[in-house]
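**Student:** After the sequence you'll find the predicted model.
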Amino acid sequence: MASKISATEAAVLGLLTRGEMSGYDLQREAEAAGGFFWAPTKSRIYAVLPTLVDRGYATSREVLQTGRPNKHLYTITKKGRAVVKAWLEEPPVFEPERAPLLLKLYFGDLLPPEKLLEHVRAMKTQATSLKKRLEEHPDRHDAYAELAYTHTLEWLKALIRWASSTERELAQRLR
């Protein structure tokens, strides 16, 4: 398959394999199912939808509504199924460089330890909150989704352990 698609485009097309959806439906599904490991902004989802239609990967139909704006419903095409399948078959990209906290920590000698401690605590709070949401999330579509949830949960546990250890070390440096 010659056409390349972004991870967001692949995720949107993947969600569309489950049925016709509006941009709002896609956002809701992303938050409910993939929000733990893929969390696009609403504007990003709405930005890729016309591109997917223009490239022939999805179709769109307008639904007239009374008292509110009309909505567009999207359906994946055969070409869209083929391109998302090709994307899924490609080996995933390993992106260890996407860790802004670690970059800030690496250059920590340029900041007061209090600021670094604040950053680590903020990351720990966010990770703890996401872990709680994940543990409370009852809807697992299938065994494959369960594997993705399990990975995310284990990663969050490791991140929280690391943050706790780093927090203690930075707190000692403040004394």
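**Tutor:** Cool, the structure landed.
**Student:** Just the buried positions in the one helix or strand in the chain whose mean pLDDT sits lowest, please.
**Tutor:** Taking mean pLDDT, DSSP states H and E as the measure, helix 100-106 is the helix or strand of the chain with the lowest mean score, a mean of 87. Residues of helix 100-106 classed as buried under the neighbour-count rule (16 or more other C-beta atoms under 10 Å) are 101, 104, 105. Using the backbone N, CA and C atoms, a C-beta is placed for each residue, glycine as well.
**Student:** Also stretch 51-63?
**Tutor:** Result for stretch 51-63 [16+ other C-beta under 10 Å]: buried residues 52, 53, 57, 58.
**Student:** now, the most widely separated pair of the residues you listed?
**Tutor:** Of all pairs drawn from the buried residues of stretch 51-63, the widest gap by C-beta to C-beta lies between 53 and 57 and measures 7.5 Å.
**Student:** Please enumerate the helices of the chain.
**Tutor:** All helices of the chain, identified by DSSP state H, fall at 7-16, 23-29, 42-54, 78-89, 100-106, 113-136, 143-174.
**Student:** What are the buried residues along the fourth one?
**Tutor:** If I follow you right, that is helix 78-89. Result for helix 78-89 [16+ other C-beta under 10 Å]: buried residues 80, 83, 84, 87.
**Student:** which intervals of the chain have sub-threshold pLDDT?
**Tutor:** For the chain, applying pLDDT under 70 flags the ranges 1-3, 33-37, 96-97, 138-140.
**Student:** Now the least confident helix or strand of the chain - C-alpha only, PDB.
**Tutor:** Extracted in PDB, the C-alpha atoms of helix 100-106 (Å, rounded to 0.1, in the frame of the first residue of the first chain):
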ATOM      1  CA  PRO A 100       9.300  16.000  28.200                       C
ATOM      2  CA  LEU A 101       9.700  15.400  32.000                       C
ATOM      3  CA  LEU A 102      12.900  13.500  31.400                       C
ATOM      4  CA  LEU A 103      14.300  16.300  29.200                       C
ATOM      5  CA  LYS A 104      13.500  18.800  32.000                       C
ATOM      6  CA  LEU A 105      15.100  16.400  34.600                       C
ATOM      7  CA  TYR A 106      18.200  16.000  32.300                       C
END
